[in-house]
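Asker: below are the sequence and a predicted model for it; my questions follow.
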Amino acid sequence: MNTAPSELSSSILFFTLSLIPINILRYPALVLAAISVVVYSIYRNPPSARLIQVNDVIVVVDGILTRAKVECMRDHLLLVEYEARLLRTKLSASKIRSYLLELRAMSWKHSLQNGMTISRNLAKCERELRDIQTSLLLLIESAYQRKLAENLDLNPQIVDGFSSFGLSARLLQVAAVCKG
């Protein structure tokens, strides 16, 4: 998803650099372009917007965890572990939110200095949430497959029950019910 804009910006950057005739001006232009790309990316996706996305994912993962608790009662210890990881991630997101609120009152220099730390912490939360979500969905899917396998094991017994009763007799009964 993010590869197309970065490829486009690098193409534009190299095209612009090729238009600059003197080699001495290319390097300052390259630095200026890199700084502008970084500033643009920060402006386009500020930490507060990323935190909103993290909170939205937390709500989704919380719903998946609730579903997993209903469908995967066998794996209680594993669910407890995922719930603890989710709670730790919620705590991290809350700490980031508090820190962002504190940064509003501070100078822009202080905000700029701590921007990378906030960004790394947000990336860590996003990674952890993706991992928890994937693990829970796999757990739910394995429970579903286990249920299907159990049903498949029961299915031959049902078919055997019909054959012992006599399929033709059963069809006659069904036909009589439909006419009646």
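Answerer: Okay, I see it.

Asker: got the contact list for stretch 54-66?
Answerer: Applying Cβ atoms under 8 Å, 6 or more residues apart in numbering, the contact partners of stretch 54-66 are 79, 82-83, 86, 89-90, 93, 96, 122, 125-126, 129-130, 132-133, 136-137, 140. Just so you know, the C-beta spots here come from the backbone N, C-alpha and C atoms, and that holds for glycine as well.

Asker: show me what counts as buried in the helix or strand harbouring residue 84.
Answerer: Using DSSP states H and E, the secondary-structure element containing residue 84 is helix 76-104. Residues of helix 76-104 classed as buried: 79, 82-83, 85-86, 89-90, 92-93, 96-97, 100, 103 (neighbour count, 16 or more other Cβ atoms under 10 Å).

Asker: quick one: the helices in the protein?
Answerer: Secondary structure of the chain (DSSP state H): helices located at 3-19, 23-44, 47-71, 76-104, 108-165, 167-179.

Asker: for the third one, buried residues please.
Answerer: Read that as helix 47-71. 47, 50-51, 54, 57-58, 61, 64-65, 68-69.

Asker: got the angle between it and helix 76-104?
Answerer: Calculated by axes from the mean of the first three to the mean of the last three Cα atoms, to 10 degrees, helix 47-71 forms an angle of 160 degrees with helix 76-104.

Asker: just want the angle from helix 47-71 to helix 108-165.
Answerer: Angle, helix 47-71 to helix 108-165, by the same axes, to 10 degrees: 20 degrees.

Asker: if we can go back for a sec, so what does the helix holding residue 84 touch, helix or strand wise?
Answerer: With contacts taken as 3 or more Cβ pairs under 8 Å, 6 or more residues apart in numbering; DSSP states H and E, helix 76-104 sits against helix 47-71, helix 108-165.

Asker: which of these comes out lowest on mean pLDDT?
Answerer: Mean pLDDT is lowest for helix 108-165 among the helices and strands packed on helix 76-104, at a mean of 82.

Asker: mind giving me the packing neighbours of it?
Answerer: Helix 108-165 sits against helix 47-71, helix 76-104, with contacts defined as 3+ Cβ pairs under 8 Å, 6+ apart.
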